[in-house]
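[1] requesting a structural model of the entry that follows:
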Amino acid sequence: MNTSIAIQVLPLGVDTQKVVAIVDAVIAYIQTTKVVYQVSAFETTLEGDYETLMDIVRQVPLVAAQAGATSDMVYVKIHYQAQGEVLTIAEKTTKFQH
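    Residues are numbered from 1 along each chain as shown. As a prediction, this is how the structure comes out:
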């Protein structure tokens, strides 16, 4: 696994309930991809190979639009390791789980 991506979708111009529904639709899409992921309060972190994760990133705004977003901001953080592997979600967070 050479890539870890954190992605946040922020639908604009819709009420809070609609924001939640749109974000839920994006997370449901991510679940169908079968990549390892973790949902947190502000973003969802995914891990896998670069091409697979970038395909997911490309689809996220389209999924949000299908769920009712007319405009959204999508924030993405990418950690790519050209050789070797990136730290896993578990390696980064397990010691903080309660």
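
[2] I'd like to know which elements the helix or strand encompassing residue 51 is packed against.
    Using DSSP states H and E, residue 51 falls within helix 50-66. Under the contact definition 3 or more C-beta pairs under 8 Å, 6 or more residues apart in numbering; DSSP states H and E, helix 50-66 sits against strand 3-11, helix 16-32, strand 44-48, strand 72-80. Using the backbone N, CA and C atoms, a C-beta is placed for each residue, glycine as well.

[3] on contacts alone, who are the packing partners of the first one?
    This means strand 3-11. With contacts defined as 3+ C-beta pairs under 8 Å, 6+ apart, strand 3-11 has these neighbours: helix 16-32, strand 44-48, helix 50-66, strand 72-80.

[4] give the contact list for residue 50.
    2-3, 80 (C-beta atoms under 8 Å, 6 or more residues apart in numbering).

[5] just name the closest of those residues to residue 98, please.
    Of all the contacts of residue 50, residue 3 has the smallest distance to residue 98: 27.8 Å, by C-beta to C-beta.

[6] make sure the closest one is actually in contact with residue 49.
    Yes. Residue 3 lies in contact with residue 49 (C-beta atoms under 8 Å); the separation is 6.3 Å.

[7] this completes my enquiry, with thanks.
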